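Undergrad: Turn this into a structure:
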Amino acid sequence: MKKTIAIFALSFIGVLTTFANGDEKYTKAMQAALSQMHTAAKPEQMQAVANRFEMIGKSTSSEWLPNYYAAFCYANLSYMEKDSRKRDQYVEKAQSLIDALVTENDEVFVMKAYVAQANLAIDGQNRWETQGKIFSDNLEKAEKLNAQNHAAELAPAWGVRDLEQHLAQCK
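TA: Numbers count the residues shown, from 1 in each chain. Purely as a prediction, here's the structure:
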């Protein structure tokens, strides 16, 4: 999971500075939250980061990245939790944050796919048809908007426990 977090964090540092509209306070807050997210290894740490992103989002309603990353944190929290009801709550929160975004770019579609996969992971036997389709449809939309999106390329490997081993097998 740390590799997934690193991929998302690194892919958006450039996006962060591009879309920050010159607001130094926003940029610093986002950089600090991204750094905190990268090192969050326990559920309470990830929850603190999600809360931080939500606070940033509330103070800068014109920016989409804070809620995007809060959704990412909640999706990751669903993987850290064992209780299915709590996992569902985390995924529902992630979904509500993503649904509230008015921006529809390739990164948002990748995140929609990631949240669908987190939802699928809770109860794959009963959710594979609906969530699998949402996952595939959103990745297809992301690739249509930006064929060079590396997160979209790696998305099918998200479920693989050891991403490096999987990538080595693909060479």
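Undergrad: May I see the buried residues of stretch 36-45?
TA: Q36, M37, A40 (16 or more other CB atoms under 10 Å). Every residue, glycine included, has its C-beta placed from N, CA and C.
Undergrad: For E63, state which of the residues you listed is nearest.
TA: M37 (16.2 Å; CB to CB).
Undergrad: Please name the residues that touch K112.
TA: I98, I134, N138 (CB atoms under 8 Å, 6 or more residues apart in numbering).
Undergrad: which ones among the buried residues of stretch 36-45 are found in helices?
TA: Cross-referencing these against helices under DSSP state H gives Q36, M37.
Undergrad: Identify, from the buried residues of stretch 36-45, the entry nearest to W64.
TA: M37 (16.4 Å).
Undergrad: you'd agree that closest one is up against V49?
TA: Yes: using CB atoms under 8 Å, M37 is in contact with V49, at 4.6 Å.
Undergrad: Can you show me the strands along this structure?
TA: Shown for the chain, no strands are assigned by DSSP state E.
Undergrad: which intervals of it have sub-threshold pLDDT?
TA: Low-confidence segments of the chain, defined by pLDDT under 70: 1-22, 152-171.
Undergrad: and the lengthiest helix in the chain, C-alpha only, in CSV?
TA: Ranked by number of residues, the top helix in the chain under DSSP H is helix 124-145. What follows is helix 124-145, C-alpha atoms only, in CSV (Å, rounded to 0.1, in the frame of the first residue of the first chain):
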residue,chain,number,x,y,z
GLY,A,124,-16.1,-9.2,-3.8
GLN,A,125,-18.5,-12.1,-4.2
ASN,A,126,-21.5,-9.8,-4.0
ARG,A,127,-20.1,-6.6,-5.5
TRP,A,128,-18.0,-7.7,-8.4
GLU,A,129,-20.6,-7.0,-11.1
THR,A,130,-21.4,-3.4,-10.1
GLN,A,131,-18.0,-2.3,-8.7
GLY,A,132,-16.0,-4.2,-11.3
LYS,A,133,-17.8,-2.3,-14.0
ILE,A,134,-17.4,1.0,-12.2
PHE,A,135,-13.7,0.3,-11.9
SER,A,136,-13.3,-0.6,-15.6
ASP,A,137,-15.4,2.2,-16.9
ASN,A,138,-13.5,4.9,-14.9
LEU,A,139,-10.1,3.6,-16.0
GLU,A,140,-11.3,3.6,-19.6
LYS,A,141,-12.4,7.2,-19.2
ALA,A,142,-9.1,8.2,-17.6
GLU,A,143,-7.1,6.5,-20.4
LYS,A,144,-9.2,8.3,-23.0
LEU,A,145,-8.5,11.7,-21.4
